[in-house]
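Engineer: From the sequence below, what's the structure:
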Amino acid sequence: MKFRTAVVMLVIFTLAFAQFAMAKPETLNRDEIPDEYKWNLADIYADWDAWQAAYNEVDAKIAEFAKFKGTLNPAADMGDASSHVGTIGDPASHLVNVLKASDEMQLQAIRVYVYAMLSSVEDQRDNTTQSKAQEGDLLWSRMGQATAWFTPELLSLGKETISEWIESNKDLKPYKFPLMEAFRQAEHVLSAEGEELLSNAGPLESAVTNLHPMLSTADADWPEVTLSDGTTLKATPGNYSMILHNSTNQADRATMMKAHFQIYDQSPNTFAGIYNTILQRNWFEAKSRNYNSVVEASLDNDAIPVDVYKALVKTAQEGSGPLRRYSELRQKVLGTETYSYYDNYLTLVETDKTWEYDDVKEMLINAFAIYGSEYQGYIRKALNERWIDVYENEGKESGAFSQGLYDVHPYIKLNHMDTMNDVFTIAHELGHSMHSIYSDKTQPVATSDYATFVAEVASTMNEALLLDYLLETEKDPRVRAALLEERINAISGTFYRQSMFGSYELKAHTAAENGEAITSEKLQQLYLETYTEFFGDSHDNKELYKNVWARIPHFYFGSPYYVYQYATSLSASTALHKNLTEGKKKDRKKAMERYIELISAGGSDHPVNLLANAGVDMTDPATYQAIVEEMDLRVTQLEKELKKLGML
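Structural biologist: Below you'll find the predicted structure:
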C-alpha cells in the first residue's frame, strides 16, 4: 500500500517529428508557448470538474475501506466488523477483495494527486492550483489513516495461514511478495492502535519539515552584492547558481557565496534546532518500531543491508583520489592561486553549440538504439505526444522530474534552455519514464512500484549511453571536452557528493542516537570533518563551507538516508553499462535481456536481488570501485582534450 509512481502503456506507434526545430521561446507567458511543448493533462481529467468528481469518489472509497477493519480476522477482535459480517464468505477470497479495493482506491487517488500536483507546478503563483495540490496531499494522509489497520490485522492471521491461502487462491498470487514482506518486517509493525497513532503524526512531521523552506526561502532576506563590474545583484539561490556557474571572476564567485550563505551563517542555531528535531523524530520512529538505529530502519523497508550503505561510503571516501585530482586540474585551467568550494561549478570549456529541443529528439532515439525498436517507440511517443512540459514560463517550478501514472502515461517536467546539460536531463528523465512503462506493462499493480534504490539506474544508464553516442559522433575537441566535463561533474555530484552527504547523515544520526547534544557547532564540526575526508587539501577556505549542511534540502525533506541511493544507482548502472557495451556479442545480448528484465521487474523482489539477477552485486565493494575507475579515466581523457585546446 504505497504511493503510486508507476505507469502503464498498452499500444505503440510512431509519429513523425516536426519539420522545423523550435529554439527556446523568448516569451515566459505560458499561453504564448505552443501546445505541442506543454504536457496534456486532459489525458488524466478533462477539467477541474472531472477532477473534483474523482476526488469525491476517492473520499467516499476511503471511508468505505475503513469499514473493512476487523474483517480479515474477526476472531482477533481488532475492530468492529459488523458492517461486513455476513458478506465476508471465504476468508481468502475476502482478502482478495480487500486488496483489490485498496488497489482501486490508490490508483484513483494517485490520479487525483498527480493532476493537481502537475497543475500546481505550471504556475506556483496560482493559489487555486496550490490549494488543490494541498487537498491531494491531505487525501493521501486520510488514506494512510484509513489503511493503518491492514498490516497489523494481516499479521494476526499468521504467515502459515496466508501462505496456504496464496497457494490455494490464484487471485492472491500477484500479492505474494508484498504480503510476505509484511511478515518479514512483522517485528517492526505496531498494533492497529499504534499504527494509527503514528499515521496521525503525519501532519506534525510535515509541519516540522516545512520549517526549513520557511526560514531558508519564504522569510529569507537575501543581501545585495556589488560585483567587480559594478553590477548589483541580490544573493538569491538563482543568482548564486548563475554566478558560480558562469562568472570567470573568482572574487565575484567568493563574494556571491559569502553573501548567499549569510542566510545560513546568521541563523545556524535555528537551522540546527530544526535539524535536531528531525533527527529526534527519526530516532523516535525507529525506536517505536524496534530498530537499533535510524539507518537500519530506513534501509529495512527494501531489505537493504546496512553493510551496503557502509561499503558505498567507505569506497567513495577511500577512492576520492580522482575527485581531488579533478579539483587540482580545474585549478590549473582556471589559473587561480587558491581553489575553493565556489570554484567547483564554473564551466571550464564553453562551446557555441546549442541543443534545441526538436533537434535533439532524433539524437536521443539514436543514442538508445541498443535497447531495440520497442524502447525507441516508447521514446518517440514521449517526445511527440505531449507527455513533456518543455520550456520555462513565469511561475513554473524549477528543475525537472518524471512522474509515472499507472493507468495513463508518465509526465516529464523540464525547463529546457538549449544547453548540453538540458539534453542529458531529458535522457535522464526519459530513463525514469521507461522504467515505469516496462515495470507496469509487465507487473500487476501490487508489484509495479519499484524501489528508490533502483529508481536512478535506468536514468543514469540513459545518460551513459547518450555520452557514448555523442563521444562517438562528435569530432570537435571543444565539444568533446565539454561532454567529458559533463560526465565528470555528474560522477562528482552523484557518486561522491551524495556519498559524502550519506557519510555526514550517518554521523549526525549516530550522534543523536548516542544522546549527544546536537548544536550548530557539533553539526559544523561533523560536516567539515566529512568534507575533508573526501576533498582533502584540494580545497582552501574550508571555514566558508561550515554551514553547507543547513542548505541541503534532502536533510530536511522526506525520508532519512535517501540521497545515498543516487550513488548506489549510478554505481549499478555503471557496472551494467559495462556489461551491455563490452565483451562478446552473445554476452552483451544476455546482459541486455537481463537489463530489460530489471526495469520490467518493478517491486517484485528486493532491489539488491533484482540487481544481482541483472548481473550486479551491490554487496561487493568492487561495484563501487568501478565508478571510481571511470572517474579516473574521464579526468585523464579530459586532460588530453584540454591539451589539444592549449588550455594546459
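Engineer: What is the neighbour count of residue 92?
Structural biologist: Residue 92 is surrounded by 17 other residues when neighbours are defined as other C-beta atoms under 10 Å. Every residue, glycine included, has its C-beta placed from N, CA and C.
Engineer: Count the neighbours of the spatially closest residue to it that is not a sequence neighbour for me.
Structural biologist: By the measure of C-beta to C-beta, 6 or more residues apart in numbering, the closest residue to residue 92 outside its immediate chain neighbours is residue 165, 3.8 Å from it. Applying the criterion other C-beta under 10 Å, we find 20 residues in the vicinity of residue 165.
Engineer: Just the element for residue 165, please.
Structural biologist: Assignment of secondary structure by DSSP states H and E places residue 165 within helix 159-168.
Engineer: buried set for that helix?
Structural biologist: Within helix 159-168, the residues scored as buried using 16 or more other C-beta atoms under 10 Å are 162, 165-166.
Engineer: now those residues as TSV including pLDDT?
Structural biologist: Converted to TSV, the buried residues of helix 159-168 look like this (pLDDT from 0 to 100):
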residue	pLDDT
162	96
165	96
166	96
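Engineer: right, and residue 293 touches residue 512 too?
Structural biologist: No: in this structure, residue 293 sits apart from residue 512 without contact. The criterion is C-beta atoms under 8 Å, and the distance is 10.1 Å.
Engineer: the strands in this structure, which residues?
Structural biologist: Along the chain, the segments classed as strands by DSSP state E run 224-226, 232-234, 388-389, 401-403, 411-413.
Engineer: how distant is the third one from the center of its chain?
Structural biologist: This points to strand 388-389. On the basis of C-alpha atoms, centre = their mean, to the nearest Å, strand 388-389 is displaced by 18 Å from the centre of the chain it belongs to.
Engineer: Give the other helices and strands that it contacts.
Structural biologist: Secondary structure elements in contact with strand 388-389, counted by 3 or more C-beta pairs under 8 Å, 6 or more residues apart in numbering; DSSP states H and E, are strand 411-413.
Engineer: sorry, back to before: outside of the helix holding residue 165, which residues touch it?
Structural biologist: For helix 159-168, the surrounding residues in contact (C-beta atoms under 8 Å, 6 or more residues apart in numbering) are 91-92, 95, 154, 172-173, 175-176, 179-180, 183, 186.
Engineer: Repeat that for stretch 308-319.
Structural biologist: With C-beta under 8 Å, 6+ apart as the contact definition, stretch 308-319 has outside contacts at 295, 299, 495-496, 499-500, 502-503, 506, 533-534, 561, 564, 567-568, 571, 608, 618-621, 624-625, 628, 631.
Engineer: same deal with stretch 499-511?
Structural biologist: Contact with stretch 499-511 is made by 275, 279, 282-283, 293-295, 309, 312-313, 316-317, 518, 522-523, 526-527, 529-531, 533-534, 549, 552, 554-555, 560-561, 563-564, 567, as judged by C-beta under 8 Å, 6+ apart.
Engineer: Pick out whichever of residue 293 and residue 512 has more residues nearby.
Structural biologist: More neighbours sit around residue 512 than around the other of residue 293 and residue 512, counting by other C-beta under 10 Å; the figures are 21 against 18.
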